[in-house]
Each structure stands twice: as C-alpha cells, then as structure tokens.
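Novice: Following is a predicted model, sequence given first.
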There are 2 protein chains.
Amino acid sequence: MSIKIGIMGYGNLGRGVECAVKQNSDMELAAVFTRRDPSTVSILTDSAKVCSVNDIDAWKDKIDVMIICGGSATDLPKQTPELAKKFNVIDSFDTHARIPEHFANVDAAAKSGNKTAVISVGWDPGMFSLNRLYANAILPDGKDYTFWGKGVSQGHSDAIRRVEGVKNGKQYTIPVESALEAVRNGENPDLTTRQKHTRECFVVLEEGADAAKVEAEIKNMPNYFSDYDTTVHFISEEELERDHSGIPHGGFVLRSGKTGWNGENSHIIEYILKLDSNPEFTSSVLCAYARAAYRLSNEGQHGCKTVFDIAPAYLTAMSGEEIRAHLL
Amino acid sequence: MSIKIGIMGYGNLGRGVECAVKQNSDMELAAVFTRRDPSTVSILTDSAKVCSVNDIDAWKDKIDVMIICGGSATDLPKQTPELAKKFNVIDSFDTHARIPEHFANVDAAAKSGNKTAVISVGWDPGMFSLNRLYANAILPDGKDYTFWGKGVSQGHSDAIRRVEGVKNGKQYTIPVESALEAVRNGENPDLTTRQKHTRECFVVLEEGADAAKVEAEIKNMPNYFSDYDTTVHFISEEELERDHSGIPHGGFVLRSGKTGWNGENSHIIEYILKLDSNPEFTSSVLCAYARAAYRLSNEGQHGCKTVFDIAPAYLTAMSGEEIRAHLL
C-alpha cells in the first residue's frame, strides 16, 4: 500500500514534488490541486488528477499527505492551517521570524482535526536547521556560522526586476571564500554581513534605460544590497536565458567548538549542500518528511511538528533492521 | 535538577565524558566506576566519587544515565546488556558488523529493567550514520561515500606495535584528495579501497631492529595495510612524543544524487568533521545522547535505541520554543 500524496500548488516546487514522488517507490501521486482552471494545467504523471482547489474537500479520505507548495509570504500562513484541519500536511514555510506564530496556528488546526503537520521543511529551514541543532547539542562551547550560495536568490532577483529600467535580472548570493576559510581554520571570526557574502547581479535593461542609474539604484537598495559588496553586469536577454536560467543554490553550516577540561581541543563540524536545483532538492526533503508525517499520523501523533521533533528513522522507507545493518 | 551522570571506565573516553559533563550546565558527574583499585584513580571533578565497579549496584537510584566507556571488542558486548538492566545507559559500540546482535542483547536487557539504552553513539557510528540516513532519505537515487581522516587509527597503530622490532608507532589514515574531489564534482566514481585512503606510519624501532624487514612486514600486513598505499617513516621516541601524541581524527560523508523527471539535476550533500581529539568529540556526542536517554526514560520509552530512533530536539537543553525561534 503506497502513501497517497496530494500537491497543493503547481509551480517550481509542486513540479519538484511530482518528480520526487516518482523516485520513492512507496509513494504515489494522487492529485494536484490548483487555483487555476484545471484544464489549463498539464502535469507529468499520467495516473494523477488535476483538480480545482475548490474541490479539495472531496479528497479528504483519498490523500494521506498533502504537500503544500505555496509561497511563505501570503499562501502558506493561510493554506497550511486551513488544510491541516482536513489533511496531514507538509509545508516549506521559510520566513524564519514568523515560524513561532505559524507553528501555533498550524498546531491548533492539526490538533482540532486529529492530523499531523510538519512545517518549515526544506534545506533552510530544514536540513541546515537540523545541522545547527545537532552541532549545538554536541559542542555547547562554540560558535555557529551559516553561509548561503553560490546560488540564485529569488527575493533579490525580484527586487532587481522592480527597479525602473530593468527588463529582467537574476541575482547570485556568493559566500566569501576567505571568511569560510577563517571559520574552517578555527579562527572564530566575528563577521559582518559584508564580510560573509557578496551579491552578483545579471541585468537586462529596457531599451533606452540609464545603466549607471540602474546600477546605483541596485547597489544602494536598503536591506537587499546596500550592506553588501554588489557587482552588476549588464547582459542581453539571450545571455540571461542561455547562462542563467538554472536555479542552483546551496550553502554551508559550520560550528566550531572547544572541548577538554580547559577547552584545549578544537573541532569543526561542517555541512555543505551544492544543489543544481533549489526547488527540486527542497521537494525531495518534503517527500521524505511526508513519509514521516504519514507514519506519525498512523501512530496518533497529531499536531504540528518541525524537523527537530521527528526521529530520523521515520524518513526512510527502510526498516529499523535494515538501517541498523547498513547505515549505522 | 540536573541529570546525574555515571561514567563506567576511566580511559581517554571516560576522561572526555568528564570534561563534556562540565560543559553541560544541566548535568553533573555523580561517580566514576573503575575495575582498578579506586584509590589509584584520580579524576578531575572534585564533587564526584571514584568507586569500584563491584559497588555499582548501590548507585542504582543515584545515577540517571550511565555512560559506558569501554572498548567494543570485549567490554561493551558484556557491560552494556548487564548495566542496561539497572541503569539508563549509553555506549559507543563501534563494531559495525556486530551492531544487530548487540542491539538485540541490549534491547532485551533494557526492557527487562524498564530502562532506556542508546548504543553506537559517537561520530562513526553516530553522526556519520545520521548523515548517511538523512541523505539517503532525501536523495533515493544516489551514491554514498564515507572517507575517514586525516586521523589516528588506534587499531592500525596497535597492529604496527605488534610487529617484531617495533618499539612504538602511530598510524594516520588519510583520505585521497583526488578521490574526494571526484565525488564532489558529481563524477560518481567507483573507488577501490586503495583509491580512497592512504596510510602513513611513524615507527620507533627497537635497538638493532632491521628497518627494511619491519617496513616490509607492515606494508604487507593483510587487512590492515596490504590493500593500501602505505608509507613508513622511522623516527625517534622523542619525535613520536613531540609530533604525534595527539589523537586527531575526522572524515567526510558524501551523497551525490539526482532529481528531476529524468534525473537531470545533480546534488551533493557533504558532512565534514575535523577533530583535534577523537575521544573528546565522541564523549561530547555521548553526553548529548545521555540527555536524550534521560528524557526518553522519563517518558517511559524503554528498550534499546540508536541515533536513528531519537528526535533531534531530545539532544538539546533548549526548549521547543527556543529551538524553533533560534535554530530553525
């Protein structure tokens, strides 16, 4: 009996989940739910249905876990609590500052419906969070560092595209190699925002736009760019399409810590992700936690969870005997 | 109320646990148990007792978790099941092939005593195992690689010292950089034993020993050295003491995997440890899991567990609210 997956929202993330479900032989995609007219949405899985979100209630008993693939700004804060009353759900809510509030809302909803919800699943929050937690628990006397990139930041790319005179654009976040090296050497540096990451922008101008003005506006944009060393390259739409159409990302989580009676020994724990496709990797994490949610729900462990609350064994299709024999 | 820790066995690992307990403000060391005459064992913690292992039963109600710091070859297969009947226990059993058998023995013992046991805790098995499991669950279509070092292998150092004509010696396991790079580049290489690691030996000869004969005997030793490119350096006892008295170790766990409808995107997950002191890092992991064992036991979750069965939140002294707000 395979785990029946529903996908709510069919953008990059939803398509990624569809691909990930195909890789997990104990799962099958039941249906994709969309706010668009279902007849305009074509998916890759022959055996799955495309349905209007308005018909989602009819699927209550036909879907084991709903993977919600909306955005964190406006979609998930509404969708996840709403759907958690009726389905076991997973989301990738990534507005770090609002996680406590989202957790409380989803927890109340899931408990009211006797369902299991897992929020903020992906790589950051997600795998990076797990690595921060494990490393903190192991080395209480230490210092944390998270670096992102090299990768495309959707938020910063959007910010570029809002600048007057910009036709299209893409922004890469790049960790500063010398800062990374200082951390790896156990130097425990105090790093400013500027010392940790640089930002590289590839911009297609509208016809007649003033390049110098656009460049200055990008570089001085508060929050997004003004605290960073930013490079702006002007390229053609063809070059952007040819060289910058991927959505790679990744990053580094490090903790350096001391042990010994007088802190005489140093240790470095480092976790690295290098991802060709940010949404497809996130989707793969979502599917592993969908398996966990299904099992937790069957055990009657309802309410909202995060990656911190779920024992690793729940994520794999292998049995306890198998993982002890082959992975331990 | 702090968690009262007992240490069974006071070698490098026991001393490491003593130091780690000091770093965790919610724990205190109650007693160290030794097979030696307790009056000959001096520890660092003023407030803790040194006791004979023969008196351990008197401590049944005075210790929350016993951390067993014996060796995997002969100590732990006996000690852990025996002590698991009376105490919540943690060990670092690391004979991978015998884990299923050890698990079964400890599970039966712990259940009979309504105690919680966690076996095979440390970094490999331990943190490396966790990283293998998480990465396998996320990227089902992929390939695993584990590299060890650069670090001192106790087993291989012991093997050197058993060679006739050898007074003292130390062996370093070193990962082959080009093999690591091939994995990081997503080349998915098939690597032989020889292609993954080299072995470097520092040997002090007995007076009058035949260096060429010793070198040949080391290099041709089956299982330990014959499958590797091995280098042997002859040095003085003073040089060994000066340059090779540390116990560093570490290593790399990588998984490279594909996602996408046709496996068109590649991802690399990498976990790296660089440890000044192998036993002190292992001890630090043991302490984090001692906290988990204490909590699981209080919840009535008895029997034998491994790192796979324990949700990360159990490892930290921070509350659920704190970790969601600060680490997620």
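Specialist: Alright, I've got the coordinates.
Novice: ok, A:Leu315 - how many residues close by?
Specialist: Neighbourhood size, A:Leu315 [other CB atoms under 10 Å in any protein chain shown]: 23. Glycine gets a C-beta too; all of them are placed from N, C-alpha and C.
Novice: where do the strands sit along chain A?
Specialist: Per DSSP state E, chain A carries strands over the ranges A:3-8, A:27-34, A:49-52, A:65-68, A:88-91, A:116-118, A:142-148, A:151-152, A:166-175, A:197-205, A:229-234, A:249-259, A:265-275, A:303-305.
Novice: now those strands in TSV, with mean neighbour count and distance to chain B?
Specialist: Listed next are those as TSV, based on neighbours: other CB atoms under 10 Å in any protein chain shown; distance: least, CB to the nearest CB, whole Å:
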stretch	mean neighbour count	distance to chain B
strand A:3-8	25	14
strand A:27-34	23	10
strand A:49-52	17	16
strand A:65-68	30	14
strand A:88-91	30	13
strand A:116-118	30	12
strand A:142-148	19	9
strand A:151-152	20	12
strand A:166-175	21	15
strand A:197-205	21	20
strand A:229-234	16	25
strand A:249-259	23	4
strand A:265-275	22	4
strand A:303-305	24	9
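Novice: For the ones you listed, could you give me CSV that also reports mean pLDDT?
Specialist: Output for the strands of chain A, formatted as CSV (pLDDT from 0 to 100):
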stretch, mean pLDDT
strand A:3-8, 98
strand A:27-34, 98
strand A:49-52, 98
strand A:65-68, 98
strand A:88-91, 98
strand A:116-118, 98
strand A:142-148, 97
strand A:151-152, 96
strand A:166-175, 97
strand A:197-205, 98
strand A:229-234, 98
strand A:249-259, 98
strand A:265-275, 98
strand A:303-305, 98
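Novice: So for A:Glu321, which of those strands sits nearest?
Specialist: Closest to A:Glu321 of those, according to CB to CB: strand A:3-8, at 20.7 Å.
Novice: next one: that closest one to chain centre, how far?
Specialist: 18 Å (CA atoms, centre = their mean, to the nearest Å).
Novice: and what of stretch A:80-98?
Specialist: Per CA atoms, centre = their mean, the centroid offset for stretch A:80-98 relative to its chain is 13 Å.
Novice: Output that stretch as PDB, nothing but the C-alphas.
Specialist: As requested, the backbone C-alpha atoms of stretch A:80-98 are provided in PDB (Å, rounded to 0.1, in the frame of the first residue of the first chain):
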ATOM      1  CA  THR A  80      -1.400  25.400   5.900                       C
ATOM      2  CA  PRO A  81      -3.700  26.000   9.000                       C
ATOM      3  CA  GLU A  82      -6.700  25.600   6.800                       C
ATOM      4  CA  LEU A  83      -5.700  22.300   5.200                       C
ATOM      5  CA  ALA A  84      -4.200  20.900   8.400                       C
ATOM      6  CA  LYS A  85      -7.800  20.600   9.700                       C
ATOM      7  CA  LYS A  86      -8.500  18.100   7.000                       C
ATOM      8  CA  PHE A  87      -5.300  16.600   5.800                       C
ATOM      9  CA  ASN A  88      -1.900  15.600   7.100                       C
ATOM     10  CA  VAL A  89       0.200  18.400   5.700                       C
ATOM     11  CA  ILE A  90       3.800  19.400   5.000                       C
ATOM     12  CA  ASP A  91       5.000  22.900   4.000                       C
ATOM     13  CA  SER A  92       8.300  24.700   3.500                       C
ATOM     14  CA  PHE A  93       7.400  27.900   5.300                       C
ATOM     15  CA  ASP A  94      10.700  29.800   5.400                       C
ATOM     16  CA  THR A  95      10.100  33.200   7.000                       C
ATOM     17  CA  HIS A  96      12.300  32.400  10.000                       C
ATOM     18  CA  ALA A  97      11.000  35.300  12.100                       C
ATOM     19  CA  ARG A  98       7.400  34.200  11.800                       C
END
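Novice: Mind listing what's buried along that stretch?
Specialist: Residues of stretch A:80-98 classed as buried by neighbour count (16 or more other CB atoms under 10 Å in any protein chain shown): A:80-94, A:96.
Novice: how about TSV for the strands of chain A, with distance to A:Phe128 added?
Specialist: Output for the strands of chain A, formatted as TSV (distance: least, CB to CB, whole Å):
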stretch	distance to A:Phe128
strand A:3-8	24
strand A:27-34	25
strand A:49-52	33
strand A:65-68	20
strand A:88-91	17
strand A:116-118	16
strand A:142-148	6
strand A:151-152	13
strand A:166-175	13
strand A:197-205	15
strand A:229-234	24
strand A:249-259	5
strand A:265-275	7
strand A:303-305	17
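Novice: Go through these and name the closest to B:Ser52.
Specialist: Comparing these by CB to CB, strand A:249-259 comes nearest, at 28.1 Å.
Novice: Which neighbouring elements make contact with that closest one?
Specialist: helix A:127-138, strand A:142-148, strand A:151-152, helix A:177-184, strand A:265-275, helix B:12-23, helix B:278-298 (3 or more CB pairs under 8 Å, 6 or more residues apart in numbering or on different chains; DSSP states H and E).
Novice: Tell me the helices and strands packed up against the second one.
Specialist: The one in question is strand A:142-148. Judged by 3+ CB pairs under 8 Å, 6+ apart, strand A:142-148 is in contact with helix A:127-138, strand A:166-175, helix A:177-184, strand A:249-259.
Novice: In contact with A:Thr198, which residues?
Specialist: Contacts for A:Thr198 (CB atoms under 8 Å, 6 or more residues apart in numbering or on different chains) come out as A:174, A:176, A:228-231.
Novice: what's the closest of the helices and strands packed on strand A:249-259 to B:Asp75?
Specialist: Here helix B:12-23 is closest among the helices and strands packed on strand A:249-259 (CB to CB), at 10.6 Å.
Novice: Quick check: mean pLDDT of the closest one?
Specialist: Average pLDDT, helix B:12-23: 98.
Novice: That helix vs chain A: in contact?
Specialist: Yes: applying CB under 8 Å from any CB of the partner chain, one finds helix B:12-23 in contact with chain A at B:16, B:18-20, B:22-23.
Novice: Which residue is it, in the stretch 51-200 of chain A, that comes closest to chain B?
Specialist: Per CB to the nearest CB, A:Ala137 is where the stretch 51-200 of chain A lies closest to chain B, at 3.8 Å.
Novice: okay, that residue: pLDDT?
Specialist: Looking at A:Ala137, the pLDDT reads 98.
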